[in-house]
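Undergrad: dropping the sequence and predicted coords here.
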Number of protein chains: 2
Amino acid sequence: MTVRIPPRSGKGFTLKKGEILKVTDPQGEQVSDMVAFSAADTKEYLSSGRSIDYASRMFLTTGDILYSNRSNPMFEIIADDVKRHDFTLTPCSREMFRKLYDETDPPPGCQGNLEMALEPYGIESDRVPIAFNIFMHVAVDSETGEIEVRPPLSKAGDSIQLRAEMDMIVALTACSAGQSNNHTYKPIDFELLSKEREDG
Amino acid sequence: MTVRIPPRSGKGFTLKKGEILKVTDPQGEQVSDMVAFSAADTKEYLSSGRSIDYASRMFLTTGDILYSNRSNPMFEIIADDVKRHDFTLTPCSREMFRKLYDETDPPPGCQGNLEMALEPYGIESDRVPIAFNIFMHVAVDSETGEIEVRPPLSKAGDSIQLRAEMDMIVALTACSAGQSNNHTYKPIDFELLSKEREDG
């Protein structure tokens, strides 16, 4: 069953070990920020720094493993149409919209939407870390380190599939930042692929 | 007064708003992982993702501000001999030494040393985030995203100065990872430059 995340919002859910999370960009050029926490102990969370270190690569794709802060595997990427995602930036936030977009009445952004999605699971707002920013295209200059947020490479219907390596609490967004999605605020779709869940 | 952090160890201390933290590489080619937490509420911490986003640059240097997860300024870099530091990787750890170095009896690493340095301040081990890895030289390939840890560009006596923008708990290490410091495990020196502290 496909769940649609409306534009500029987020959703939290649980994922069992072995289930496959498929995230689809239904209309193209949209970003979905993903954060994840161990269901057994939410102090264990998806860590960009560990994952990049172990892959020795900033851009992760099929075959790569996403690790927790405790160096345990949380996801394996098992399919990836787009092959370009970001794992360096924190979710867009009210403060970010004020600082980088000069907005006077900014929306909650992915940060606020993730906070709302995680609140029912008892995960506090300060604990939203750097997200795995699915489909987000951040170019990096090797010499200067300058980064540039570009439109995603995702086309309508492109998806990524991540297999859960532990029981988790996960939250996803349909991104609120114009720079990330070429100024078209679109939905994100996701589904859980698993015989176990249907049987259970 | 200069404090020396012995090879493969760490140290925690408090820093008052306005004080200047000077970190020196006394022998050259050594890395110091730095983490910081607001003294008023340690749930607020130094955030790589926010800092990189606001600077629109991965390599931060003189004039750049290091932000907290709440988007508040924590430090301004006011002097920098080396101009190349890393802000993407988590501290080296026992698990990292096992995975990337195939060590069977690994040392605690900067992760373990930061945990020990922060424990007296009530900051739990899971809350060591991506560090500001002073003098760490991580090359990034713009095309593939591949990263390569190279010897630091720091020469003996090179330093960086960071002005505290809030009261903080800070921890620093003399790095334990061979790849980060060209396989020479050396000390790190630091001092707090502040008339206020001397007067107080």
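TA: Arrived safely. Numbering: from 1, shown residues only, chains lettered A, B, ... in the order given.
Undergrad: who in chain A is up against chain B?
TA: A:43-45, A:47-50, A:52-54, A:56-59, A:69-71, A:88-90, A:93, A:95-96, A:99-100, A:124, A:126-130, A:139-142, A:144-148 (CB under 8 Å from any CB of the partner chain). (C-beta placed from N, C-alpha, C; glycine too.)
Undergrad: can you pull out the strands in chain A?
TA: Under the criterion DSSP state E, strands of chain A are mapped to A:3-5, A:9-15, A:20-25, A:32-38, A:65-67, A:73-80, A:132-134, A:137-140, A:147-150, A:158-164, A:168-174, A:188-193.
Undergrad: highest mean neighbour count out of those?
TA: strand A:132-134 (a mean of 28; mean count of other CB atoms under 10 Å in any protein chain shown).
Undergrad: show me what that strand packs onto, helices and strands only.
TA: Under the contact criterion of 3 or more CB pairs under 8 Å, 6 or more residues apart in numbering or on different chains; DSSP states H and E, strand A:132-134 touches strand A:32-38.
Undergrad: which residue sits closest to A:Lys155, ignoring its sequence neighbours?
TA: Ranked by CB to CB, 6 or more residues apart in numbering or on different chains and with sequence neighbours excluded, the top spatial neighbour of A:Lys155 is A:Gly28, at 4.7 Å.
Undergrad: swap in A:Ser125?
TA: What sits nearest to A:Ser125 in space, not counting adjacent residues and going by CB to CB, 6+ apart, is A:Glu115, at 4.3 Å.
Undergrad: my guess is that neighbour contacts A:Val128, does it?
TA: Yes - the pair A:Glu115 / A:Val128 is scored as a contact, 6.2 Å apart, by CB atoms under 8 Å.
Undergrad: who's more crowded, the two?
TA: A:Val128 (25 against 21; other CB atoms under 10 Å in any protein chain shown).
Undergrad: quick check: A:Leu21 touching A:Phe190?
TA: Yes - counting by CB under 8 Å, A:Phe190 is a contact partner of A:Leu21 at 6.4 Å.
Undergrad: returning to that earlier point: the residue nearest to A:Ser125: what's it in contact with?
TA: A:108, A:125, A:128 (CB atoms under 8 Å, 6 or more residues apart in numbering or on different chains).
Undergrad: likewise A:Ser48?
TA: By CB under 8 Å, 6+ apart, the contact list for A:Ser48 reads A:87-88, A:129-130, A:132, B:49, B:88, B:130.
Undergrad: for A:Asp189, same thing?
TA: Residues near A:Asp189 by CB under 8 Å, 6+ apart: A:2-5, A:23-26.
Undergrad: tell me the mean pLDDT for whichever helix in chain A runs longest?
TA: Secondary structure of chain A per DSSP state H: the longest helix is helix A:109-118. What helix A:109-118 shows for mean pLDDT is 97.
Undergrad: also stretch A:28-46?
TA: Mean pLDDT, computed over stretch A:28-46, is 98.
Undergrad: stretch A:77-95 too?
TA: 97.
Undergrad: now it: how far from the chain's centre is it?
TA: A distance of 5 Å separates the centroid of the chain from that of stretch A:77-95, by CA atoms, centre = their mean, to the nearest Å.
Undergrad: isn't A:Lys99 up against B:Tyr54?
TA: Yes - using CB under 8 Å, A:Lys99 is in contact with B:Tyr54, at 5.9 Å.
Undergrad: residues shared between the contacts of the two?
TA: B:Ser71.
Undergrad: with neighbour numbers in mind, choose between those two.
TA: Taking neighbours as other CB under 10 Å, A:Lys99 and B:Tyr54 compare with B:Tyr54 leading, 21 against 16.
Undergrad: nearest spatial neighbour of the residue nearest the centre of chain A, skipping sequence neighbours?
TA: When CA atoms, centre = their mean is applied to chain A, the residue found nearest the centroid is A:Met34 (2.2 Å). When the adjacent residues along the chain are set aside, A:Met34 lies closest to A:Phe132, with 4.6 Å between them (CB to CB, 6+ apart).
Undergrad: name all residues that make contact with that neighbour.
TA: With CB under 8 Å, 6+ apart, A:Phe132 has these contacts: A:33-36, A:46, A:48, A:51, A:60, A:66, A:85, A:87.
Undergrad: all set, thanks.
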